[in-house]
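In: Provided below are the primary sequence and the corresponding predicted coordinates.
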Amino acid sequence: MSNREMRRFGEAKFSPARVWAMLLRYLYILRSSWPRTIELLYWPTLQMMIWGFMSQFLRHNSTYIAQAFGVLLAAVMLWDLLFRSQLGLSISFLEEMWSRNLGQLFVTPLRPYEWVLSLLAMSVIRVTIGIVPAMLLAIPLYHYSIFDMGWALVAFIAVLMGMGWALGLAICGGILRHGMGAEGLAWTVIFALAPLSCVYYPVTILPSWLQPVAWALPSTHVFEGMRAVLFHHTFQLDNFLAAVALDLVFLVAGAAIFVIAFRNARRRGALLQMGE
Amino acid sequence: MPEPVILVDNLVKRYERTVAVAGIGFVVERGVTAALLGGNGAGKTTTLSILLGLLLPTSGTVQVFGEDVVQHRYRVLPRMNFSSPYVDLPHRLTVRQNLSIYARLYGLPRRAERIAQLAHDLQFETLLDRPAGKLSSGQKTRVALAKALLNEPELLLLDEPTASLDPDSGDWVRGYLEGYCAQTGATILLASHNMAEVERLCSQVMMMKEGQIVDRGSPDELINRYGRTNLEEVFLHIARDRRPVLEPVA
């Protein structure tokens, strides 16, 4: 590649090679620390085991669980998937903050959206490492396979990943705007949505005035849809379509918050200074 | 007529209550090593950040290679690079991994060859597989310089390139930069408050104070103008004895 070709590479508005470079960077980081890789597996597996034993106990003591043994297990695994998809994106973003690397990155031809794509790809990898082993382990431990949900599971995963990314982008925007003082958002924000997502109970349990708020979350539609699949063996298309539409709104909002925060960081000079 | 690589005109950067850069202007021509010289808070790093497109100016014109940096930074970024001791390379990655990532971001061909060549030239071959976080200050500076030279930049922006180095390492880095410029004809703009470094490397100096260029010229011109024996004395004179601010270059 001549200097002219290098210039053309730099001027190209999108380059898969630059996305791959960033993804490779996050893979190097992941590979460099075994404890961190094990931590990815640790919490989802632990959660699955606790709720698995709880389900076994409740099977003989609760008609609700007796009707669909996997309802708590599926719920905890899908909730963890949502949390991990958001965290997977936010953690990779925070790696740049911790290493004060943004200034170095953005004097290269890397575009912000190429960076975001690498963050999304890394989120998929982190979720896969963290959640899939827990899903597989539930089969021999509790004779429950979440994969029995079939294509409905694919639809639920897609919606939850989208919501996780939207929240992740908004959180990254918040950290860009407010600095490392806002780092805690990456671990806490999503739990504020848990009661409203109706992970373990139907929406009708909520006070009537709170139900419209719950329905405004894509995750609520997913967990209602999941219960419909497990209890009635039906895939509720209307719930799914509502979840997809809400996901799009969330993604546009998350991306907008990130873009505004990034521009703002360029105006304040935070790209060069930001870090621990 | 020599081609201007950097053209800054009436550049202003204002934060909420602070004016970091107050209407400065200067031109750096191809092949020249120039310096922004001034104390802490003089506006040197702010100016470099704007030239790199990391920071948006409040007003004014900033052109690099004839392109407006605010509008078309991606046209010029492949031709320039940057090094600063205040911006780290990720600690947990090895030196080789770090350099390889940046080489990919610049779309470099034969990455392994280029990295090996730079490691040889900058004498850190034995450090290539060591995590970047385990390097000493001097080693970090060499690796950061290698990162800045990966794409063989025509314009190199350096923020205090020898800060925190011992005199021997500092001298070695200065020698290397002189060699790089002689070999490639590259242009360098460095921000520094190391007067000896500026005297040795630079043919053009802009003295900055409180966001303004308060004087400019070659090191010899400035030393003669103030009747001093070296740039450090000139710097102290300016820092303590306010001179009238020069008009920005049109």
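Out: That came through, no problem. Numbers count the residues shown, from 1 in each chain, chains lettered A, B, ... in the order given.
In: quick check: the gap between the closest residue to B:Gly138 other than its chain neighbours and chain A.
Out: In space, and not counting its chain neighbours, B:Gly138 is closest to B:Ser169: 4.1 Å by C-beta to C-beta, 6 or more residues apart in numbering or on different chains. Where you see a C-beta, it was placed from the backbone N, CA and C, and this is true even at glycine. Taking C-beta to the nearest C-beta, to the nearest Å as the measure, B:Ser169 falls 21 Å from chain A.
In: what does chain B have sitting close to chain A?
Out: B:15, B:45-46, B:49, B:52-56, B:74-75, B:77-82, B:84, B:86-93, B:97, B:100-102, B:104-109, B:131, B:147, B:151-152 (C-beta under 8 Å from any C-beta of the partner chain).
In: returning to what we had before: which element is the residue nearest to B:Gly138 on?
Out: Assigned by DSSP states H and E, B:Ser169 belongs to helix B:167-184.
In: name the residues that touch that helix?
Out: By C-beta atoms under 8 Å, 6 or more residues apart in numbering or on different chains, the residues outside helix B:167-184 that reach it are B:31, B:33, B:121-122, B:138, B:141-142, B:145, B:149, B:152, B:154, B:156, B:158, B:161-162, B:165, B:186, B:188, B:194, B:197, B:200-201.
In: let's see the pLDDT reported for A:Val132.
Out: With respect to pLDDT, A:Val132 scores 95.
In: wait, a strand at it?
Out: No - looking at A:Val132 with DSSP: H, G, I helix; E, B strand; the rest coil, it is helix, so not inside a strand.
In: that one: neighbour count?
Out: 14 (other C-beta atoms under 10 Å in any protein chain shown).
In: could you pull out the helices for chain A?
Out: With DSSP state H as the criterion, chain A has helices at A:3-11, A:16-32, A:34-59, A:63-67, A:71-98, A:102-105, A:112-142, A:151-178, A:185-197, A:211-215, A:218-227, A:237-268, A:270-273.
In: name the nearest residue to residue 155, sequence neighbours excluded.
Out: No chain in the question, so chain A it is. A:Phe240 (5.6 Å).
In: correction: the question concerned chain B.
Out: Using C-beta to C-beta, 6+ apart, the nearest residue to B:Leu155 is B:Met80, at 4.1 Å.
In: quick revisit: immediately after the helix holding B:Ser169, which helix or strand?
Out: strand B:187-192.
In: mind listing the strands that following strand pairs with, and their directions?
Out: Take DSSP bridges as the rule and strand B:187-192 pairs in its sheet with strand B:33-38 (parallel), strand B:155-159 (parallel).
In: list the buried residues in it.
Out: B:187-192 (16 or more other C-beta atoms under 10 Å in any protein chain shown).
In: who's in contact with it?
Out: B:5-6, B:28-37, B:44-45, B:47-48, B:51, B:154-162, B:177, B:181, B:197-198, B:201-202.
In: go on, stretch B:223-238?
Out: B:37-39, B:193, B:195-196, B:198-199, B:205, B:207, B:209, B:214-215, B:217, B:219, B:222.
In: compare the residues you listed and tell me which has the most neighbours.
Out: B:Leu37 (31 neighbours).
In: and chain A, which residues reach chain B?
Out: A:1, A:3, A:5-7, A:9-11, A:15, A:17-18, A:20-22, A:24-25, A:28-29, A:32-33, A:95, A:99-101, A:103-111, A:266-269, A:271-272, A:275.
In: buried members of those into ChimeraX, please.
Out: Buried residues among those (16+ other C-beta under 10 Å), as a ChimeraX selection:
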select /A:6,7,9,10,15,18,20,21,22,25,28,29,32,95,99,100,101,103,104,105,106,107,108,109,110,111,266,268,269,271,272,275
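In: strands along chain B, start to end?
Out: With DSSP state E as the criterion, chain B has strands at B:4-14, B:19-29, B:33-38, B:59-64, B:67-68, B:80-83, B:155-159, B:187-192, B:204-209, B:212-217.
In: does A:Ile29 touch B:Arg92 like I think?
Out: Yes - shown here, A:Ile29 and B:Arg92 form a contact pair, counting by C-beta atoms under 8 Å, at 5.8 Å.
In: contacting residues around stretch A:180-194?
Out: Against stretch A:180-194 from outside (C-beta under 8 Å, 6+ apart): A:79, A:82-83, A:86-87, A:90-91, A:94, A:97, A:164, A:167, A:171, A:174-175, A:217, A:219, A:274-276.
In: can you pull the buried residues of that stretch?
Out: Of the residues in stretch A:180-194, those buried (16+ other C-beta under 10 Å) are A:182-183, A:185-186, A:189-190, A:193.
In: can you redo the residues you listed as a markdown table with pLDDT?
Out: Shown next, in a markdown table, are the buried residues of stretch A:180-194 (pLDDT from 0 to 100):
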| residue | pLDDT |
| --- | --- |
| A:Ala182 | 81 |
| A:Glu183 | 83 |
| A:Leu185 | 83 |
| A:Ala186 | 82 |
| A:Val189 | 88 |
| A:Ile190 | 90 |
| A:Leu193 | 94 |
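In: what's the farthest-apart pair in these?
Out: A:Glu183 and A:Leu193 (18.9 Å; C-beta to C-beta).
In: how about the residue nearest to A:Ala155, what does it touch?
Out: So A:Phe240 contacts A:155, A:159, A:221, A:225 (C-beta under 8 Å, 6+ apart).
In: closest one to chain B out of the buried residues of stretch A:180-194, please.
Out: A:Glu183 (17.2 Å; C-beta to the nearest C-beta).
In: B:Val27 contacts B:Glu3, correct?
Out: No - counting by C-beta under 8 Å, B:Val27 does not reach B:Glu3; the two are 10.2 Å apart.
In: quick check on A:Ser33: phi, psi?
Out: phi -140, psi 100 (degrees, to the nearest 10).
In: quick revisit: wait, isn't the residue nearest to B:Leu155 in contact with B:Leu156?
Out: Yes - in this structure B:Met80 lies within contact range of B:Leu156 using C-beta under 8 Å: 7.1 Å.
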